[in-house]
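Build the 3D model from these lines:
(2 chains)
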Amino acid sequence: SAVISQKPSRDICQRGTSLTIQCQVDSQVTMMFWYRQQPGQSLTLIATANQGSEATYESGFVIDKFPISRPNLTFSTLTVSNMSPEDSSIYLCSVENRRDEQFFGPGTRLTVL
Amino acid sequence: SQQGEEDPQALSIQEGENATMNCSYKTSINNLQWYRQNSGRGLVHLILIRSNEREKHSGRLRVTLDTSKKSSSLLITASRAADTASYFCATGAGFQKLVFGTGTRLLVSP
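Model prediction:
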């Protein structure tokens, strides 16, 4: 399975600010995925990030709020913009191997005050 | 929208007992994956079962899939305190995106 790292592991931010989360994979992958897990909830897919093209967002998520970059096949960033306390969540990136198994990074725990 | 519903929402057992968690989903799938999450940390991939498979084993884990009933179960045998975690099912229906269930919180007491 791929080794996935995320930075930062956690952060506490003020409302109205933005935070960029980094996701690094130890092998080249075509697609990377960003999920959100709100407190006490399950995971919800935010968007799918392909290298060299615009990310594809799920219903309820927009690029202005969650801009994503995918500059190469091992790296992606997710920015949470103009944050409010409702954005307090764990944000996770994931990748899929050739056997369709999807593996997740350790997550970024975000608290917005 | 979340497709999977998991049952029970919470399960409390003693060490050595078996734990069974169920997952139901609504639409056709290519595969179903089970994950473990400890204390709000990252997800650990446990097992993937494809739509043409009925049962799969991995160590103390046994997963079944009934596509006619759109349901799956995860059995953990001889549970340990270290198995205490939240367990999620996630369905894959193509385009590599997963839809997660609501999760089962398992507590294994020594």
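
ok, B:Gly103 touching B:Tyr87?
Yes. Using CB atoms under 8 Å, B:Gly103 makes contact with B:Tyr87 at a distance of 6.6 Å. The way it works is simple: take the backbone N, C-alpha and C, and place the C-beta from them, glycine included.

shouldn't B:Ser79 be in contact with B:Glu15?
Yes. Between B:Ser79 and B:Glu15 there is a contact under CB under 8 Å: 6.2 Å.

which neighbours do the two share?
Both B:Ser79 and B:Glu15 are in contact with B:Val108, where contact means CB atoms under 8 Å, 6 or more residues apart in numbering or on different chains.

higher neighbour count, these two?
B:Ser79 (22 against 13; other CB atoms under 10 Å in any protein chain shown).

Which secondary structure state does that one sit in?
What DSSP: H, G, I helix; E, B strand; the rest coil gives for B:Ser79 is coil.

Next, find the distance separating it from B:Leu11.
Distance of B:Ser79 to B:Leu11, computed by CB to CB, to the nearest Å: 10 Å.

B:Thr64 now?
Relative to B:Leu11, and taking CB to CB, B:Thr64 is found at 17 Å.

now A:Ala2
The gap separating A:Ala2 from B:Leu11 is 31 Å, by CB to CB.

show me what contacts B:Gly94?
B:Asn30.

which helices and strands does the host helix or strand of B:Asn22 pack with?
According to DSSP states H and E, B:Asn22 maps onto strand B:19-24. Other elements packing on strand B:19-24 under the criterion 3 or more CB pairs under 8 Å, 6 or more residues apart in numbering or on different chains; DSSP states H and E are strand B:5-7, strand B:10-14, strand B:71-76, strand B:104-109.

quick one: buried residues of stretch A:49-58?
Neighbour-count burial for stretch A:49-58, with 16 or more other CB atoms under 10 Å in any protein chain shown as criterion, is recorded at A:49, A:51, A:55, A:57.

contact partners of it?
Residues contacting stretch A:49-58 (CB under 8 Å, 6+ apart): A:30-34, A:44-48, A:63, A:66, A:68-73, A:76, B:97.
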